[in-house]
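Student: Mind folding the following:
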Amino acid sequence: KIWTSEIEELTNLEKLEKKINKNKKNYARKYAKDFNIWTRLYQYWAMIVIFWPVHIFYKIKWQGRKHLDKKKQYLLAPNHISYLDPILNCGCTGRGAAYMAKKELFENSKWLAKNIDRLGAFAVDREKLEPATIKTAFDVYKAGWDLCLFPQGGIRKNKKIENINAGFVMIAKKMKVDIV
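Tutor: As a prediction, the model looks like this:
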């Protein structure tokens with residue numbers, strides 16, 4: 001009887017876990033239709049709120065933007081020194097871009113998860129790459145957007161380019177896009 005009650009309890013816990021996971025949004029998977037005009041408008045809004053004040057105080061200077069072909073898609077692979085980098089990259093290219101963001105950003109705060117999701121970010125597990133993340137990367141290009149990811153895998157306060165993960169090169173090769 002003791003074993004039977006423990007098994008029933010485990011079964012009930014498994015059912016509860018499945019129910020919770022069923023209602024939980026998978027931030028690693030987005031579809032081409034998710035990268036739309038509303039996402040782009042939200043990015044513009046964020047640039048106005050964040051980018052322009054930063055631009056005024058830090059005198060950000062864009063160089064080489066004229067060399068980007070407006071008809072081509074790119075994989076953007078900048079260094080990562082600040083939480084503002086995704087918004088600043090939108091300002092630099094002047095185009096819509098989707099972002100790979102560490103899954104912890106989606107798990108720790110509902111407010112943050114909702115807002116970075118609206119900005120076009122999708123979750124990536126840096127320890128174990130999920131198929132949903134790769135499918136989303138392909139759908140970004142299907143939607144006609146650029147993909148931005150940070151090859152260092154996180155913010156580097158020392159501003160040095162080091163410990164670069166090579167996965168972004170494979171995505172660029174597979175999608176036949178240039179890396180900026």
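Student: Name the residues linked to residue 148 by a beta bridge.
Tutor: Taking DSSP bridges as the rule, residue 148 bridges to residue 76, residue 99.
Student: Tell me how many other residues surround it.
Tutor: Other residues within reach of residue 148, judged by other C-beta atoms under 10 Å, total 25. All C-beta atoms are positioned from the backbone trio N, CA, C, and that covers glycine.
Student: Residue 144 too?
Tutor: By other C-beta under 10 Å, 11 other residues sit near residue 144.
Student: Can you report how many residues lie near the residue lying closest to it once chain neighbours are set aside?
Tutor: Sequence neighbours aside, residue 73 is the residue nearest to residue 144 in space, at 6.9 Å (criterion: C-beta to C-beta, 6 or more residues apart in numbering). Using other C-beta under 10 Å, residue 73 has 18 other residues around it.
Student: Tell me the spacing between residue 73 and residue 96.
Tutor: Going from residue 73 to residue 96 by C-beta to C-beta, to the nearest Å gives 10 Å.
Student: again with residue 81
Tutor: Distance, residue 81 to residue 96, by C-beta to C-beta: 22 Å.
Student: Which of these two has more residues huddled nearby?
Tutor: Just comparing residue 81 and residue 96: by other C-beta under 10 Å the higher neighbour count belongs to residue 96, 20 against 16.
Student: Please, where are all the helices along this protein?
Tutor: Ranges of helices in the chain, per DSSP state H, are 2-23, 37-46, 52-58, 85-93, 104-108, 110-118, 131-142, 167-175.
Student: pLDDT (mean, whole number) over the shortest one?
Tutor: When the per-residue pLDDT values of helix 104-108 are averaged, the result is 89.
Student: so what secondary structure elements neighbour that helix?
Tutor: helix 110-118, strand 121-124 (3 or more C-beta pairs under 8 Å, 6 or more residues apart in numbering; DSSP states H and E).
Student: any chance of those in a markdown table, plus distance to residue 142 and mean neighbour count?
Tutor: Shown next, in a markdown table, are the helices and strands packed on helix 104-108 (distance: least, C-beta to C-beta, whole Å; neighbours: other C-beta atoms under 10 Å):
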| stretch | distance to residue 142 | mean neighbour count |
| --- | --- | --- |
| helix 110-118 | 19 | 15 |
| strand 121-124 | 14 | 25 |
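Student: ok, now which ones touch residue 54?
Tutor: By C-beta atoms under 8 Å, 6 or more residues apart in numbering, the contact set of residue 54 is 60, 84, 88.
Student: and of those, the nearest to residue 166?
Tutor: Closest to residue 166 out of those is residue 88 (24.2 Å), distances taken as C-beta to C-beta.
Student: show me what contacts that closest one?
Tutor: 51, 54, 60, 82.
Student: Can you tell me how far it is from residue 99?
Tutor: Residue 88 sits 12 Å away from residue 99, going by C-beta to C-beta.
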